[in-house]
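[1] just to be clear, the model below is a prediction. Sequence and coordinates:
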Amino acid sequence: MEKERYKVSIILPVYNGEKYLSLAIESILKQTYKNFELIIIDDCSSDQTHSIALKYKEKDSRVRVYRNKTNSKLPVSLNAGFHVATGELFTWTSDDNILKPETIETMVHVFEQDPNVDFVYADIIPIDEDGKINRKIPYLNGEIDEIYVRNPILACFLYKRHIHDCLKGYNPNTFLYEDYDFWIRTYEAGFKIHHLKKKMYYYRIHKKSLTSLKEKELLQFKIKLLKRNFGKTNDKCIKIKILKHLQEIYYQQNRIDKYIFFILYRKAMEYFNMGIRDKNRNILDQSKKCFDKLADLYEFQSWFSEPEKCYQPVIEIVKTQKGTLRLLDLGCGNGIVLKRVCDELSNVEKALGIDLSPNMVEKAKERLYGCNCNVIEGTIESVKIKPNYYNMVLCMHSFHHYPKPLRSLKHINKAMEKNGLLILADNKKNGFERWNYNWKLMRQGYPDGDMWIYSKLELLILGKMAGFKMESFQNVGDKSFITIFRKHKG
């Protein structure tokens, strides 16, 4: 028989577990993998637990029994057990759970196949008090990338000793969620974790288990961890899942105030945070289709009079530029503003217009024929632009179509020289009307690519985050505003 390479240390912490303890120990001793030690930590039990443990110690030399002087709780018992462990691989189990005979051998085989794996976990099977499979419980097994949302590892696992040494064991202040805390730290430390998609472990759910007795405390710990994990992850999709999970918890608790808060927070993340590619692409596609249709009759639309009111005030600001003018017009449309700049100013060294709509670009090129100006199709993010070059950037009634406003502003900043001006004119709505309109846009899936109508405060914050200082904000007409930003950070 081939010698089993790894020695496995199995810790079994137990407190007053006489009812199921023998079943748990028997399932360990019947393992097909024989190179293991079973370390039973009796946490000062007052029933027959210690006697049962000693009986098995006498029968099998692989069994060792220790007894705490006082009830020290699970994390302390685990650390005590692993402190005296001599194996290269660690795991622990509970007195009310049962391992399949091939569990340890199957998980050890993963380490033998791939030496780079540090941690293996397998799926579990829920059972009731009588050992019957509980088919009413659909949760339990999951992938490691879900770890910030819920505990995917649960109870069937095996890991290399150096993980325990590196993480300095279980946190004694995490009773009731000590294992989940340990898994998260393992994941964040970068250890290679492998999900063995086999059901190897019977997980008993009964009235006297900690899961049942401490249900309220566990729920509070769960909420605490979810909020903590929300702050730790940068993955927007994971953040949205966490918010959805919190939303469901508070709904079950009938905490309607919290439920509404988290559902609104999640909606804001989904629609306003701009982190989902499909939505971004959909918004841009809708904008492109809308303005392709408007290209021939753009200046004859009923709403055109409002943005038109911004043109002359913006031209007057552009005229204040001393020396040569290097102008970039984002969302230039059919080139109407660029044409006026070229006709009214003599200091234009370079002018570039960018627009998402190919039909608008075609109309702009016709309008600007013979002018010192070029127009190209694309966005500030998709077009390659010379960095730190333009001293004036215009964004005329197009910013509310941008699916990633902060990212777009950062790209604009990168294209500008220091102290350059960004003139942003856009649609205006105030107070409740604005919130109601934005909510309507979200619910309707951003018709025509309309994304968000911004307040002065939102623009101030976005500009500052992108390296701009807001120098002025003025209302123009009933439905527009002009904001002037100056680049102050390279």
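    All right, it came through fine.

[2] now the residue nearest the centre of the chain. Its backbone dihedrals?
    Geometric centre of the chain, nearest residue: residue 235, 2.6 Å, by C-alpha atoms, centre = their mean. Dihedral pair for residue 235: phi -80, psi 110, per degrees, to the nearest 10.

[3] okay, the residue lying closest to it once chain neighbours are set aside: pLDDT?
    Take residue 235 and drop its neighbours on the chain: the residue closest to it by C-beta to C-beta, 6 or more residues apart in numbering is residue 148, 7.8 Å away. Every residue, glycine included, has its C-beta placed from N, CA and C. Per-residue pLDDT puts residue 148 at 86.

[4] cool, and residue 459?
    So, for residue 459, pLDDT stands at 94.

[5] tell me, how many residues neighbour it?
    21 (other C-beta atoms under 10 Å).

[6] so how far is residue 114 from the nearest residue to it once chain neighbours are set aside?
    Sequence neighbours aside, residue 483 is the residue nearest to residue 459 in space, at 5.7 Å (criterion: C-beta to C-beta, 6+ apart). From residue 483 across to residue 114, the span is 56 Å (C-beta to C-beta, to the nearest Å).

[7] so what does the helix or strand harbouring residue 23 touch, helix or strand wise?
    Assigned by DSSP states H and E, residue 23 falls within helix 21-29. Contacts defined by 3 or more C-beta pairs under 8 Å, 6 or more residues apart in numbering; DSSP states H and E place helix 21-29 against strand 8-14, strand 36-42, helix 49-59, strand 98-99.

[8] can you rerun that using 7 Å?
    Secondary-structure packing of helix 21-29 (3 or more C-beta pairs under 7 Å, 6 or more residues apart in numbering; DSSP states H and E): strand 8-14, helix 49-59, strand 98-99.

[9] could you say which of those is packed most deeply?
    strand 8-14 (a mean of 24; mean count of other C-beta atoms under 10 Å).

[10] now what about it, what contacts it?
    Residues outside strand 8-14 that contact it (C-beta atoms under 7 Å, 6 or more residues apart in numbering) are 21, 24, 28, 33, 35-43, 45, 49, 74, 77-78, 81-82, 85-87, 89-93, 95, 104, 108, 158.

[11] can you select the buried ones from the residues you listed in ChimeraX?
    Restricted to buried positions by 16 or more other C-beta atoms under 10 Å, the ChimeraX selection for the contacts of strand 8-14 reads:
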select :21,24,28,33,35,36,37,38,39,40,41,42,43,45,49,74,77,78,81,82,85,87,89,90,91,92,93,95,104,108,158
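
[12] next one, pLDDT for residue 273 please.
    Among the per-residue scores, residue 273 shows a pLDDT of 54.

[13] can you check residue 74 too?
    92.

[14] then residue 278?
    pLDDT, residue 278: 56.

[15] one step back: just want the angle from the helix holding residue 23 to strand 36-42.
    Angle, helix 21-29 to strand 36-42, by axes from the mean of the first three to the mean of the last three C-alpha atoms, to 10 degrees: 160 degrees.

[16] any chance you could list what contacts helix 21-29?
    Outside of helix 21-29, the residues within contact range by C-beta under 7 Å, 6+ apart are 10, 12, 14, 38, 49, 52, 56, 60, 93-99.

[17] repeat that for 8 Å
    10, 12, 14, 17, 36, 38, 40, 49, 52-53, 56, 60, 62-63, 93-101, 131 (C-beta atoms under 8 Å, 6 or more residues apart in numbering).

[18] CA atoms only: put that helix into PDB for me.
    Extracted C-alpha coordinates of helix 21-29, given in PDB (Å, rounded to 0.1, in the frame of the first residue of the first chain):
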ATOM      1  CA  LEU A  21     -20.600  12.900  19.600                       C
ATOM      2  CA  SER A  22     -20.100   9.200  19.000                       C
ATOM      3  CA  LEU A  23     -21.500   9.400  15.500                       C
ATOM      4  CA  ALA A  24     -19.100  12.300  14.700                       C
ATOM      5  CA  ILE A  25     -16.100  10.400  16.000                       C
ATOM      6  CA  GLU A  26     -17.100   7.100  14.300                       C
ATOM      7  CA  SER A  27     -17.300   8.900  11.000                       C
ATOM      8  CA  ILE A  28     -13.700  10.200  11.400                       C
ATOM      9  CA  LEU A  29     -12.300   6.900  12.500                       C
END
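
[19] from the chain's centre, how far out does it sit?
    41 Å (C-alpha atoms, centre = their mean, to the nearest Å).

[20] pLDDT of that helix, averaged?
    Rounded mean pLDDT across helix 21-29 is 97.

[21] same check on stretch 225-243?
    82.

[22] downstream neighbour of the strand or helix carrying residue 111 in the secondary structure list?
    Here residue 111, judged by DSSP H and E, is contained in helix 103-113. Of the helices and strands lying after helix 103-113 in sequence (DSSP H and E), the nearest is strand 119-127.

[23] packing partners for that next one?
    helix 103-113, strand 157-160, strand 193-204.

[24] of all those, which lies closest to residue 178?
    Among the helices and strands packed on strand 119-127, strand 157-160 comes nearest to residue 178, with 13.3 Å by C-beta to C-beta.

[25] work out the gap between the closest one and the centre of the chain.
    Centre-to-centre, strand 157-160 and its host chain are 27 Å apart (C-alpha atoms, centre = their mean).

[26] related to what we said a few turns ago, quick check: buried residues in the helix holding residue 111?
    So for helix 103-113, counting by 16+ other C-beta under 10 Å, buried means 103-108, 110-111.

[27] between those residues, which is nearest residue 346?
    Residue 346 has its nearest neighbour among the buried residues of helix 103-113 in residue 110, at 74.4 Å by C-beta to C-beta.

[28] could you report the neighbour count for the closest residue to that closest one other than its chain neighbours?
    Excluding the flanking residues, the one nearest residue 110 by C-beta to C-beta, 6+ apart is residue 120, at 4.7 Å. When neighbours are counted by other C-beta under 10 Å, residue 120 registers 25.

[29] wait, residue 120 touches residue 158, no?
    Yes. Here residue 120 reaches residue 158: they are 5.0 Å apart, a contact under C-beta atoms under 8 Å.

[30] shared neighbours, the two?
    Contacts common to residue 120 and residue 158, judged by C-beta under 8 Å, 6+ apart, are 107, 111.

[31] give me the pLDDT value at the nearest residue to residue 67 once chain neighbours are set aside.
    For residue 67, ignoring the flanking residues on the chain, the nearest one in space by C-beta to C-beta, 6+ apart is residue 42 at 4.4 Å. Note on residue 42: pLDDT of 97.
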